[in-house]
Structure formats: structure tokens, C-alpha cells
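S.K.: Here is a sequence together with a model predicted from it:
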Number of protein chains: 2
Amino acid sequence: MDLLTHDDIETLCLGATLLGTGGGGDPYVAKLLAQQALATYGPVRVTEPGDLPPDALVLTTAVIGAPTVTLEKIPAGTEFVGSVEALASYLGKEPVAIMSIEVGGLNTLVPVATAAEMGLPIVNADAMRRAFPQIEMTVFTLAGLPAGPLSIADEKGNQCVFRTTDNHVAESLARAAVIQLGMANAISCYPLTAGQIDEHGIGGSLTYCGQVAGLLEAVQRADEGAWERFLTESGSVEFFRGKVVDLDRRTTAGFARSTVILEDLDGTGSTMRIEVQNENLIAFRDGEAVITTPNLICLLDCETFDPVTTEYVAYGNRVIVIGMPCAPEWHRPGMLELVGPEAFGYDVDFVDLPR
Amino acid sequence: MDLLTHDDIETLCLGATLLGTGGGGDPYVAKLLAQQALATYGPVRVTEPGDLPPDALVLTTAVIGAPTVTLEKIPAGTEFVGSVEALASYLGKEPVAIMSIEVGGLNTLVPVATAAEMGLPIVNADAMRRAFPQIEMTVFTLAGLPAGPLSIADEKGNQCVFRTTDNHVAESLARAAVIQLGMANAISCYPLTAGQIDEHGIGGSLTYCGQVAGLLEAVQRADEGAWERFLTESGSVEFFRGKVVDLDRRTTAGFARSTVILEDLDGTGSTMRIEVQNENLIAFRDGEAVITTPNLICLLDCETFDPVTTEYVAYGNRVIVIGMPCAPEWHRPGMLELVGPEAFGYDVDFVDLPR
């Protein structure tokens, strides 16, 4: 995967949609956007952060807002380069590479498209190896690295630059701007050096994304034993197979929030409730929390094994709910305060996945 | 008034508080802030925009937020130079002078303090010659000049820069940021050249402010015929003398909003209702709109003739309500759409002052 081409996008998109754990935005639009960019500007080189000059600037770009909104307000495409250029201009320094800040449908592939357009390599790392709804929820915050200066750009040419050393303030300023600019915009944050990313980031995110996608593709081809292999090799656990029987969805305070209720397919009356803020955060089975953030809660269609995202989940969907382990880089002091259930306002203890 | 000194501040503060039409922030804090700055950095030179090089950059600074909030969260003082420096740095150009964007207690004197600290002259002009609650409500907007790029700064070192060509978007982005940063911050907007200000601004604002203050000082000294002279020379009309019998005050969506009900002092049962969004916007006498924005609605204490601002008006206050004509520069096409009653959501026609 030294050079990303049209076919790699298909695989990366599947993996990113799975690891987006409900969030990260519409994978279909993401795929078209990246494939169009590669067709126009040529393939994108993947680089390890350690292979870049340690002092060189790496900039990120992503969709910020509510994934439900991206269904109606699809990206124009110009806002992502806009966000990177706004931040580069503010910093007075050009980036040598582009990086995804998280793994998720749009948020893995938009940076690839941006890298193609800017003629830059894409870094094989990120700050979450999943998607999280808030800017401060990165391993960089755990390492004490600032999210700012950061930029927000929209498709009309409006741009915002925020300078702050507090990553929670960064989130609140960016969110407030996004609410004014239509709830689906481009962000460039955590302007770090390649050396900082190499030391504090989650390395190999794109590689990992391709690997889990490969395991899932085998399942989708119905290869023998592929499901068990997928679960074992990704460290995942199947928790539930059920039908969506209730869905409460609201777009408030800059996020897509929802509660999804599943009833099991066996007719035992067992239920699962999943709480969502852009991403799936907590899964309760018969009232008991069984999977919690920062571990991943992923919904897969029972028939196609396609990951089902927040904005597409619908009444009547039959899904498998799995828990996947978060990246080991999360397991550092401060993890639960930053991304555990309480960070989202739930009075629920973190539950590790059964081994 | 070529050079502003300690004593000029007292007079300017009185005039600015009157012309603030309820808004513009606490005059007492404003006075201390400006007098302290002059004591530390020396007097400030007043310049006409036409006396500056036409291409030279002039930057503004002001308090943005809710005047009620400034009572508890008084300015630190550092945020104003911060806002100017943030915008100058973004533009890559230094200002040759500072200007007030509006006339109002804090918002006339804070720029004087900032000019003192930066060693720059203050421009004898502004964009409203009164106070208005929203950024786009300037004669510059009527002239098609952009409010952006603009900056917001707080006392903690957080800074925002917004680039937009739409002055309504400028307002909504700035307001959203201010709500996150504590509802009383510094703004620098409308980065214009001296030539643009000379052509499109309201000239002589500081001079006018000093003149009406002089007329009011005579009233406060109880000079014979001073009240009639004040009314005649300022073109003002007395509409009501009454006692505040009801006050509904709420700080919502980034503004201090209130409804003030007065009952007349003669016992005739006549009432006046004043609707406030930071500034006094419409005065209804016995249900009929008698003074409307953009003309000024000013409350003066019945005994001291001190202007009473939004954040200080209180149950039991005995006040005189006068209507003052807005600057003639407002009377251009687009005035009512931008700053008439309907611009604030009132289904009320503009009423001119009786002559």
C-alpha cells in the first residue's frame, strides 16, 4: 500500500466505515470523492511519519458536524483544501503531508482526496484509529499536544481560525462555528510535526484499516470460516443479532444523537439499546452496559455484512452488533476521563471486552 | 480636542453613555480603563480620517457580548490589544490608527485606551454614532464594505479570526464564538483604509459626542434653560417621564434582552414600554410606537440627568425618555432593512421624530 489507487479506495472505505463505529460520515460519498480525486490528480503516496523530516509540518483535514447532515449537504470538495490552506497561511508554513485525524468513512477518504489535490503524501497514522465526535478526543490530547491553532472552512469561502491551547475550548469554538455554517464543514486541527506524530500518534492506521477490511471482505465473499477469522484476528466479540425496533434521532448542539433499540432475532425477547453521539458510544444488553467507549461498537448488516452508519440505521434493519478493541495507544493515564462513558455524561463504568 | 487627556475622558464618557442608547457597556469601568491607559501611556492624539494616508489601515476594537455580563466579567484590558494584534497579524499589515466602531460607554473609551497602549492616534469617526447590538449594523454595510476579516479575543489568550464577505455571517460566527468565550470579549472588525472611512464612515463622532456631553453637563449643573437648549441643539424630543414598574430581563442567544415598563409620574396612568436588545430599540407609549430604531431612545435619571444603561436600569428608577435623531449618514437606501424595527423582528413601522 505504498501508492493508493482507485481499487485501494474501495477496501479502505469498507475498513474506515467499520472503524468509524457509526460515525465519520457517508462512505459512499467518501468513495466517490476520493476516486474522483485520484482520477484527476493521480495516485497518493502513503508515508510513515518516521520517514518524513521530524520538524516538517503535517496538516489534517476532516468533516466536522453531524453525519446525518452530510446526507443532504454533501461536501462540495473545495472546503477541505480550503481548511488546510487557511491553517497553513495562518501558521506561515506549508505542510509536507496530509493526515486523517480519525478513521471513518469520509474522514479517512477526504484526506486522501485532499492529499491528491495538493500533490502531497498521506501519513499512515491518525489520532484515534476509530471516530470520536469531539475534537479533543485524541491520543494527542492524552500526550498534552494542542489541537490549535485550527481552522474551519465551508464551501462558500468562509473561513475561521482559532488559536487556543485548551483542546476543550478548541472543540467548543469549532462546534459553535459549525452550527452557524450549516453543520457539515471542513476542519484542519492538530498542526503537528512528523516527529510529534511519530512519537504520539497511532501508527499504521491505514494499514490496519486495510487489514480489517480484508478480513471483512472475506466474510462478504462468504469464505469458509471467515466470520470466526474476522472476529479472532481483529479481537472482536459478537454481542447481539437483532432488528431495529425503535429509533430516536435528533440533531442537537452540533451533533447527531440517537438511541437505537434492537430486539433479538431469536424471539427470546432480549433487547439491546445503543446510545449514539455521531458515533456508537454504549451498548446495553437487557439494561446492562456490555460494550463501552473507547472500545468500538459496530453494526453490520446481517445479510451483506456491510457496516451500518449512524445516518443510515433505520427501523427494521437486521444487524449484528460487535465490540472491537480500541487501539492499544488509548490505554494510557487519562483515557477514561477523556473518552470513557463519563466523558459523554453517562453514569456507566467502562467495561472491557471479554477475551 | 486634538489631544485626549484625563479630563476629556469624563466628558466623552458622558456623551458616549447617552449616545449608547442603553448599550455600549458600563461607563464607569470604561472611564477607569481609559484614564488608567492615559496615565500609563500618555495622551492620545485625535485624527481626522482624511488626515491619514488614504491607503493606511485603520483597525477598530470594541467589547462584544451582553452589557449585563460586563457587570460581573469586567474587561481584563489585554483582550483589546489582543484583538487588534490578531487581526493585524492575519492581514500581515500594521494599523496606523484605531477607531471606535460605535459610540457607547465602553465602546468609545476602550479604543482610546487601546490607542494609548499601542501609541496610535484615534480616528474622529465611527460606523454608527450610536450603539447597535449586531456587527452588520453599520453604515459600512450600507456602503457594501465587508466586516471581515475580523477577530475575537478573550482575556485568556484565546483568539479567533473569521474570513467572510457576508456581514450577517460575520455577526453569526462572532456571536457564536462569544457565547463560548464568556459573553464579553474583544472584537476587531471592518479593517478598512483611512480613505474608505473618510468616504463612507460617520465623521466627527468624537466631536459630536463631546458636544452633546457639554449640553448635558449644563443640564446637570442646572444652568438656566439648559434642558431646552439640550433638546433643541441635539434635535431631541422628550416623550415621557416615568417610573420603572416592571422589568423583564433575560440574557439569551448572546444578547441582553429586556422589556422595560414605565408608568408616568403624573398619575394619569399613561405607560411606556421599551424593548431592548443590548440597546433600546422601540418605545411604545400607551401601545403606540413613538420612537423607533435607528433613532435613539435614551433614558436619563430624573434627578441627576445621568444616562441609564441597559444593565443598570432597575425597578423604581425615575427616568426621562427622550428620542434623539440618528446620524444623517444612516438615511441612505437600505437603512430600514438593516437597522429598522423589522431588522430586529418587530412588526412595527419606522416613526420619525416630530420636528
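M.R.: Looks like it came in fine.

S.K.: what does the stretch 101-250 of chain A have sitting close to chain B?
M.R.: Contact residues (CB under 8 Å from any CB of the partner chain) of the stretch 101-250 of chain A with chain B: A:157-166, A:169, A:172-173, A:176-177, A:179-181. C-beta: built from backbone N, CA, C; applies to glycine.

S.K.: Tell me the secondary structure at the closest residue to chain B within the stretch 151-300 of chain A.
M.R.: Sorted by distance to chain B under CB to the nearest CB, the residues of the stretch 151-300 of chain A start with A:Ala176, at 3.8 Å. When the structure is split into helix, strand and coil by DSSP: H, G, I helix; E, B strand; the rest coil, A:Ala176 lands in helix.

S.K.: same thing with A:Phe162?
M.R.: Taken by three-state DSSP, the conformation at A:Phe162 corresponds to strand.

S.K.: which residues are contacting the lowest-mean-pLDDT helix or strand in chain A?
M.R.: The weakest-scoring helix or strand in chain A, judged by mean pLDDT, DSSP states H and E, is helix A:67-70 (a mean of 80). Outside of helix A:67-70, the residues that reach it under the criterion CB atoms under 8 Å, 6 or more residues apart in numbering or on different chains are A:22-26, A:29, A:63, A:106, A:182-184, A:249, A:251, A:256, A:278, A:309-311.

S.K.: if we go to 7 Å?
M.R.: For helix A:67-70, the external contacting residues (CB atoms under 7 Å, 6 or more residues apart in numbering or on different chains) are A:23, A:25-26, A:29, A:63, A:106, A:183-184, A:251, A:256, A:278, A:309-311.

S.K.: Make a ChimeraX selection of the buried ones in those.
M.R.: Below is the selection syntax for ChimeraX that covers the buried ones among the contacts of helix A:67-70, with 16 or more other CB atoms under 10 Å in any protein chain shown defining burial:
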select /A:23,25,26,29,63,106,183,184,256,278,309,310,311
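
S.K.: Show me the contacts of helix A:67-70 that map onto strands.
M.R.: Cross-referencing these against strands under DSSP state E gives A:63, A:184, A:251, A:256.

S.K.: Surely the first one is in contact with A:Gly182?
M.R.: Think A:Val63. No - the pair A:Val63 and A:Gly182 fails to qualify as a contact (CB atoms under 7 Å) at a distance of 11.7 Å.

S.K.: Please tabulate the contacts of helix A:67-70 in CSV, including the columns distance to A:Ala86 and pLDDT.
M.R.: Below are the contacts of helix A:67-70 laid out as CSV (distance: CB to CB, whole Å; pLDDT from 0 to 100):
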residue, distance to A:Ala86, pLDDT
A:Gly23, 24, 91
A:Gly25, 21, 83
A:Asp26, 24, 82
A:Val29, 23, 90
A:Val63, 16, 94
A:Leu106, 19, 92
A:Met183, 19, 86
A:Ala184, 17, 91
A:Thr251, 26, 83
A:Ala256, 25, 84
A:Asn278, 23, 90
A:Thr309, 28, 93
A:Thr310, 28, 89
A:Glu311, 27, 88
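
S.K.: how about the contacts of helix A:67-70, which pair is most distant?
M.R.: Comparing all pairs in these by CB to CB, the longest separation belongs to A:Val29 and A:Thr251, at 18.0 Å.

S.K.: A:Leu353: what secondary structure?
M.R.: Here A:Leu353 is coil, with the state taken from three-state DSSP.

S.K.: For it, give me its contacts.
M.R.: For A:Leu353, the set of contacting residues under the criterion of CB under 7 Å, 6+ apart consists of A:237, A:295, A:323, A:325.

S.K.: Can you report phi and psi for the third one?
M.R.: Listed backbone geometry of A:Gly323 is phi -110, psi 130, with angles given as degrees, to the nearest 10.

S.K.: what does the last one give?
M.R.: Reported as degrees, to the nearest 10, the phi and psi values for A:Pro325 are phi -70, psi 140.

S.K.: need the strands for the stretch 1-150 of chain A, in chain order.
M.R.: Remark: strands of the stretch 1-150 of chain A, listed N- to C-terminal, are A:3-4, A:44-47, A:57-60, A:62-65, A:97-99, A:122-123, A:125-126, A:150-153; assignment by DSSP state E, counting those that start in this stretch.

S.K.: Outside of the third one itself, list whatever touches it.
M.R.: So that's strand A:57-60. Residues from elsewhere that reach strand A:57-60, judged by CB under 7 Å, 6+ apart: A:84, A:87-88, A:93, A:95-101, A:111, A:123, A:188-194, A:197.
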